[in-house]
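[1] predicted model and sequence follow; I will ask about them next.
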Amino acid sequence: MAEAADVFYKIVRHGDKAKMTFRGLPKTDEEFDAFLAHLTRLYEPKTQFTMMFDTAGLGAMSLNQKRKFAKGMAKWIDDNADKARAYLTKSAIILRSTFMRAFLKMVFAIRRPASPNQVCSSIPEALKYLGWTEELKHVQHLMAKKRAAAQSKK
């Protein structure tokens, strides 16, 4: 079993909020299968929740990796559509690449997600869409501090 530092993702659920952060790419089929199993366990409490997917750490993928990842995710989405309709009230996917946002929006136009979803360009945009007010205030505070520190260096 891989150590926590070696896992290519992190998923945390607290009550009605879940966040998934990528930290790289799966190295093996078994690692990808474990990731999908972990995603499936998010539905086990059988209570409604919202979810944020942060793809910043996903990294570059070869065309073969993209195909394999997309195919595996599409099958998982199909297999779990009933659970998503019942428990996932909405989700936000953060994609910083303009091309990838446009691509995913096109995919979703062809194959709609099972629950409301928005493709976002930033964490604050995703937090606002999900209604995570406290988290949004915290991020805005950190961003303001960073801007102030940058201004003081000038």
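    Received, thanks. Numbers count the residues shown, from 1 in each chain.
[2] how far is stretch 43-50 from where the chain is centred?
    In terms of CA atoms, centre = their mean, to the nearest Å, the centre of stretch 43-50 is found 16 Å from the chain centre.
[3] which elements pack onto the helix or strand where residue 20 lies?
    Element membership for residue 20, per DSSP states H and E: strand 17-22. Applying 3 or more CB pairs under 8 Å, 6 or more residues apart in numbering; DSSP states H and E, one finds that strand 17-22 makes contact with strand 9-14, strand 49-54. All C-beta spots, glycine's among them, are computed from the backbone N, C-alpha and C.
[4] elements contacting the next helix or strand after the last one?
    The helix or strand immediately downstream of strand 49-54 is helix 63-79, counting by DSSP H and E. Applying 3+ CB pairs under 8 Å, 6+ apart, one finds that helix 63-79 makes contact with helix 29-41.
[5] need the nearest residue in space to residue 40, chain neighbours excluded.
    residue 80 (6.4 Å; CB to CB, 6 or more residues apart in numbering).
[6] okay, now the one you found: neighbour count?
    Neighbours of residue 80 under the rule other CB atoms under 10 Å: 18.
[7] what sits against it?
    Residue 80 makes contact with 39-40, 43, 114 under the criterion CB atoms under 8 Å, 6 or more residues apart in numbering.
[8] what residues does the strand holding residue 20 touch?
    Defining contact as CB under 8 Å, 6+ apart, one finds that strand 17-22 is touched by 8-13, 39, 42, 49-59, 130, 132.
[9] and what of stretch 61-72?
    Against stretch 61-72 from outside (CB under 8 Å, 6+ apart): 25-26, 32, 36.
[10] can you check stretch 116-124 too?
    Residues from elsewhere that reach stretch 116-124 (CB under 8 Å, 6+ apart): 52, 54, 89-96, 98, 101, 104-105, 108, 126, 129, 136, 139-140, 143.
[11] out of those, name the ones that lie in strands.
    Among those, DSSP state E puts 52, 54, 89-94 in strands.
[12] wait, what's in contact with the spatially closest residue to residue 130 that is not a sequence neighbour?
    Once flanking residues are discounted, residue 130 sits nearest to residue 50: 4.7 Å by CB to CB, 6+ apart. Residues in contact with residue 50 (CB under 8 Å, 6+ apart) are 16-18, 88-92, 130-132.
[13] and of the residues you listed, the nearest to residue 151?
    Ranked by distance to residue 151 (CB to CB), the contacts of residue 50 are led by residue 132 at 27.6 Å.
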